[in-house]
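Participant: Model the following, please.
(2 chains)
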Amino acid sequence: MRQSPSWKGAQRSSLAEIAYPFQEGSHQPCTTMNRYLIRRLLLLIPTLLGMSLLIFAMVRLLPGDIVDALVGMDPTFTDEQKFQMRASFGLNDPWPLQYVKWIGGMFRGDMGLSFRSREPIADQILRALPITIELALLAILLSLVVAIPLGILSAVRQNGPLDFWARVAGLIGLSMPSFWLATLFLLFTSLTFRWAPSVIWVSPFENLPRNLLQMLLPALALSVQLMAVEMRMVRSSLLEVLRQDYIRTARAKGLSERKILLQHGLKNAFIPVITIIGIQLGALMGGSIIIEQIFGLPGIGWTMIQAIFNRDYPVVQTATLLLAVIFVVINLLVDLTYSLLDPRIKYS
Amino acid sequence: MADQPTNPHQLQALFRRGGMSRRAFMRNALLLGMSMGAAQTLLAACAQPGAPVAEAPAADAPAASTTPKAGGEATWAIDSDVVNLIPFGGVSGANHWGKELFYDSLLEWDKDLNVQPAIAERWEAPDDTSWIFYLRQGLKFHNGDEVTADDVIYSMELQKTPPEPGVPNSFYPAIESVEAIDKYTVKFNMTGPDPSVEGYLAWARYSAIIPKDAYTRWNLLTEGVGTGPFKLIQYVPNDRVEYERNPDFWKPDLPYLDKITLKVLPDESGRVAALRSGEIDGCSVTADTALTLANDPDITILKGLFSAPRVLQFTILGDDKPWNDVRVRQAMSKAIDRQQIIDNVFGGEAVLSAAVPPGYGDWFISSEELAENWFKQDLEAAKQLMADAGYADGFEITLYSIANHDATQTAEVVQQQLKEINITVEVIAEEIGPFAKRVGDGTFDWCSTGRGMRPDVTRYVNDFGDPAAGVAARWFNNGDGWNNAELTELYQKALVELNSEERHKQIRRIQEIILDEAPHIYICQPMKFHAVRNNLKDMYVGFNDFHPGLRTVWLDS
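Facilitator: From the prediction side, this is the model:
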């Protein structure tokens, strides 16, 4: 860690460190960062392999398979016929062989076909994933738009009336399940205004206003619980930061409250908040199933739950693995932003 | 004067029982506060037993225009994805929802399950082992190709052993071969007399007629060329299916709509919101939702019977379990108060049903007769039967049911009711996947489930007629646990009986034996509800549990 002789030097150095975090003594500026990135990405491999084994086994432990789901109730199907059907799905192979076939396909980039519909799984995912991603991003965006200002105001006017009501509202928001909110919203708009979001999904690239109007209600329903958590996090984290010595020093130096807050306070308070957002984003990827059902959005959550009910093993396995990758990547990005927010955090 | 009806249902029942003239019906209807139009609609519906009834709204309904208007686009919501559009061997009901709008069969059912011509304009059975179908000439597929005997032969042969992912068809009639007499005439050579041919074709679920070599010319999972009123535009999996009008449909002036979309909306509250706002024009709803929508000024509730009899089925294996004794089963049946199940589980919206459900043509035993006779609750007789069989102190039994389904609610009511005769019922609800497996394997004592649609009446009683075949073998231990010689003999006759009157007698007697011996205990059949926007006209609840009405609906803007 470099020692700086004077205050001005310290200021300059911290600016420099923000702009060029790893410049000192290195003719390859980003080697350390690259090494860190590569290491994290390499760690993905054992993580995913472990996950793949887990999901492969778990889905097969569910009672019944695709053949039972298709013809279990039909009395005219003989065991012989069911055996033939299982053969066509590769389900008569021993488990290790099935696993190797699947994983081998994944490495080649071949995600396989759905048992139920025989559609290429890659097509299914390409169609469904963007919808869920957009929903998740919109929900987070909406929640931050409310949570950050409210959290800041709450912290700055701690124990004032605004703080009190914000915390009460937060508690209420936390207690309301998103699907219940969604149903309430729909009931309200359909009864009062005879309006409900369009049921035919249009891509934002085709017709942005229509898409946003459509996604508004589902994203809103999802955002309320997120809002509550984020607001409390912003508030408590900011309160802690504002008590630190360097804030007192900055005040003593004569910096304005606003500058202190925005330049020094928020940046440091944000690390726990970013962590929370990362986790929420990951959870939203798979957790918005019910919202997708209620609004008829053909997202990845709905696709997955259908596949589980239908015992459509390849779809469940591949979609779960993909969500795991997304979750890990989100967390990696979150970790990387730590170093942007706090230059003291270095990666070696 | 005889009992004065106090609501439309009573009025309906009284009229159907007979003895009320049409004039008296109209008078009573108007006394009940119905408008002329509503009363006339109700009367017309009453005249056809089992036909759907449009609920007459409480307020005066404006005189409905009855001339269909062409044009417009409609959206109908379905609760599950069609999965694929394969014409042959599709398993789920949803598959047929997807394809019934653009495929036809040789014949079709009308609203009352009478067989009508479709692709075949007339047909005959010159002897016991042949059927001849005369195709309409100049009838075109959606791609412009003419329909000929070759297409029919291709379709009928593939229906027997459908290409993947279709599964073999257990309803396929006893057809040995199909040949072309000439370009527009097809002959079925049967292995023996089979009266189920007409029903199999009219049902259309497994018997679409597709162009020759269709499986190699198109990807029939997501595409399709048929002769139906609509052409397939696109299928977006897990989302929707879109169709457009077929201007060359073989029924003149039909269809009325320019475009129709089937949208997947799995959640009921989502469907209701979309319906209220006009985003969709109709959907199926539960009885409870129908109640909440009854007073909505923009929405009409349609109600009708459909084939879904609820049944409690035993495995009777010839071991020491108490229900191997017919008296025990009869006692259980007598102890059950089916009306209470109808009221509590289905909100009163169900009718008593034996093996052949009410509304299936004229093959069923009427609910009135069932209520008077076999389904009359009689606890005293039940206790006596239990005592005679040596089980006055009762026993324990496990009742499996489908989770999140009325089957479980029914099971719970039965659990309460059977306490009266000292039977301790344990209800175990299972997800549909494991439940289906359990039923197929026969690993249950008792389970609460239902039946679906059948193309021929014998299919409602085949488990009893042949207890050593298929899954019935596991339920009845190859017939060693339970069988009835008279029933089996009648069943074998009915399979090949072409004389309608004789067949009716055989089926009637078969049902009586099933009710007497109760190898399964039948309960009731729930009504089905559709909720539609007022401007969607001529929709009705199809008995076959699909949406045949969508082929002929129109929009009154």
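Participant: can you give me the strands for the stretch 301-450 of chain B?
Facilitator: Taking DSSP state E, counting those that start in this stretch as the criterion, the stretch 301-450 of chain B carries its strands at B:310-314, B:350-352, B:395-402, B:423-430, B:446-450.
Participant: check contacts around A:Ala128.
Facilitator: By CB atoms under 8 Å, 6 or more residues apart in numbering or on different chains, A:Ala128 lies in contact with A:Pro298, A:Gly299, A:Ile300, A:Trp302, A:Thr303, B:Asn238. Every residue, glycine included, has its C-beta placed from N, CA and C.
Participant: nearest to A:Pro94, of those?
Facilitator: Of all the contacts of A:Ala128, A:Thr303 has the smallest distance to A:Pro94: 28.3 Å, by CB to CB.
Participant: what sits against the closest one?
Facilitator: Contacts of A:Thr303 by CB under 8 Å, 6+ apart are A:Gln124, A:Ile125, A:Ala128, A:Val315, A:Ala319, B:Asn238.
Participant: Using JSON lines, lay out those residues together with distance to A:Arg167.
Facilitator: Below are the contacts of A:Thr303 laid out as JSON lines (distance: CB to CB, whole Å):
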{"residue": "A:Gln124", "distance to A:Arg167": "43"}
{"residue": "A:Ile125", "distance to A:Arg167": "41"}
{"residue": "A:Ala128", "distance to A:Arg167": "38"}
{"residue": "A:Val315", "distance to A:Arg167": "43"}
{"residue": "A:Ala319", "distance to A:Arg167": "38"}
{"residue": "B:Asn238", "distance to A:Arg167": "41"}
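Participant: Quick one: these as CSV, columns for secondary structure, distance to A:Ser223 and pLDDT too.
Facilitator: Output for those, formatted as CSV (DSSP: H, G, I helix; E, B strand; the rest coil; distance: CB to CB, whole Å; pLDDT from 0 to 100):
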residue, secondary structure, distance to A:Ser223, pLDDT
A:Gln124, helix, 27, 91
A:Ile125, helix, 25, 92
A:Ala128, helix, 21, 93
A:Val315, helix, 28, 93
A:Ala319, helix, 24, 91
B:Asn238, coil, 24, 88
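Participant: Please identify, among those, the one with the most neighbours.
Facilitator: Scoring those on neighbours with other CB atoms under 10 Å in any protein chain shown, the highest-scoring entry is A:Val315 at 27 neighbours.
Participant: Just confirm that one contacts A:Gln124, I think it does.
Facilitator: Yes: contact criterion CB atoms under 8 Å: A:Val315 and A:Gln124 qualify, at 6.8 Å.
Participant: which residues do these two both contact?
Facilitator: By CB under 8 Å, 6+ apart, the residues touching both A:Val315 and A:Gln124 are A:Ser114, A:Thr303.
Participant: neighbours around the residue lying closest to B:Asp463 once chain neighbours are set aside, how many?
Facilitator: In this structure, B:Asp463 finds its nearest non-sequential neighbour in B:Ala472, 4.0 Å apart by CB to CB, 6 or more residues apart in numbering or on different chains. Neighbourhood size, B:Ala472 [other CB under 10 Å]: 23.
Participant: Also the one 10 residues further on?
Facilitator: A count of nearby residues for B:Trp482, using other CB under 10 Å, gives 22.
Participant: How about the stretch 451-557 of chain B: which residue is closest to chain A?
Facilitator: B:Val471 (3.2 Å; CB to the nearest CB).
Participant: Past the least confident helix or strand in chain B by mean pLDDT, which element shows up next along the chain?
Facilitator: Lowest mean confidence among the helices and strands of chain B (mean pLDDT, DSSP states H and E): strand B:53-54, at a mean of 40. For strand B:53-54, the succeeding helix or strand toward the C-terminus, using DSSP states H and E, is strand B:73-78.
Participant: Which residues does the helix or strand just after that following strand contact?
Facilitator: Using DSSP H and E, the helix or strand that follows strand B:73-78 in sequence is helix B:93-99. Residues outside helix B:93-99 that contact it (CB under 8 Å, 6+ apart): B:78, B:80-87, B:90, B:205, B:208, B:224, B:226, B:235, B:241, B:262, B:452, B:545-547.
Participant: try 10 Å this time
Facilitator: B:76, B:78-87, B:89-90, B:92, B:103, B:166, B:203-206, B:208, B:220, B:224, B:226, B:228, B:232, B:235, B:241, B:243, B:262, B:264, B:452-453, B:544-547, B:550 (CB atoms under 10 Å, 6 or more residues apart in numbering or on different chains).
Participant: Show me the helices in the stretch 201-348 of chain A, by range?
Facilitator: Shown for the stretch 201-348 of chain A, the helices assigned by DSSP state H, counting those that start in this stretch span residues A:208-242, A:245-253, A:257-259, A:266-287, A:289-295, A:300-309, A:313-341.
Participant: Over to the stretch 451-557 of chain B?
Facilitator: Taking DSSP H, counting those that start in this stretch to define them, one finds helices in the stretch 451-557 of chain B at B:462-465, B:472-475, B:485-496, B:500-517.
Participant: Make TSV out of those and add mean pLDDT.
Facilitator: As requested, the helices of the stretch 451-557 of chain B are exported to TSV (pLDDT from 0 to 100):
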stretch	mean pLDDT
helix B:462-465	89
helix B:472-475	87
helix B:485-496	92
helix B:500-517	93
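Participant: Dump those to a markdown table, plus distance to A:Gly286.
Facilitator: A markdown table is the format used below for the helices of the stretch 451-557 of chain B (distance: least, CB to CB, whole Å):
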| stretch | distance to A:Gly286 |
| --- | --- |
| helix B:462-465 | 42 |
| helix B:472-475 | 39 |
| helix B:485-496 | 51 |
| helix B:500-517 | 48 |
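Participant: Which among these is found nearest to B:Glu108?
Facilitator: Nearest of these to B:Glu108, taken as CB to CB: helix B:500-517 at 19.7 Å.
Participant: Just list what that closest one packs against, helices and strands only.
Facilitator: Judged by 3 or more CB pairs under 10 Å, 6 or more residues apart in numbering or on different chains; DSSP states H and E, helix B:500-517 is in contact with helix B:326-335, helix B:462-465, helix B:485-496, strand B:520-522.
Participant: just those: most buried one?
Facilitator: Among these, strand B:520-522 has the highest mean neighbour count (mean count of other CB atoms under 10 Å in any protein chain shown), at a mean of 25.
Participant: rewinding a little: of all the contacts of A:Thr303, which comes closest to A:Gly151?
Facilitator: When the contacts of A:Thr303 are ranked by distance to A:Gly151 (CB to CB), A:Ala128 comes first, at 33.3 Å.
Participant: mind listing what residue 298 touches?
Facilitator: Looking at chain A here, since you left the chain open. A:124, A:127-128, A:131-132, A:201, A:292, A:306, B:81, B:236-240, B:264.
Participant: wrong one, chain B
Facilitator: A:Arg194, B:Leu275, B:Arg276, B:Ser277, B:Gly278, B:Val532, B:Arg533, B:Asn534, B:Asn535.
Participant: Write a ChimeraX command that selects only the buried members of the residues you listed.
Facilitator: Buried members of the contacts of B:Asp298, defined by 16 or more other CB atoms under 10 Å in any protein chain shown, are picked up in ChimeraX with:
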select /B:275,276,277,532,533,534,535
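Participant: Quickly check the contacts of B:Asp298 for the two that are furthest apart.
Facilitator: For those, the farthest-apart pair by CB to CB is A:Arg194 and B:Val532; their separation is 15.9 Å.
Participant: which parts of the stretch 151-300 of chain A sit against chain B?
Facilitator: Proximity of the stretch 151-300 of chain A to chain B (CB under 10 Å from any CB of the partner chain) is limited to residues A:179, A:182-191, A:193-201, A:217, A:290-299.
Participant: Tell me the buried residues within these.
Facilitator: Among these, those classed as buried by neighbour count (16+ other CB under 10 Å) are A:179, A:182-183, A:185-186, A:189-190, A:195-201, A:217, A:290-299.
Participant: that older thread, output the contacts of A:Ala128 in TSV; the columns should cover distance to B:Met386.
Facilitator: Below are the contacts of A:Ala128 laid out as TSV (distance: CB to CB, whole Å):
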residue	distance to B:Met386
A:Pro298	54
A:Gly299	55
A:Ile300	55
A:Trp302	50
A:Thr303	52
B:Asn238	51
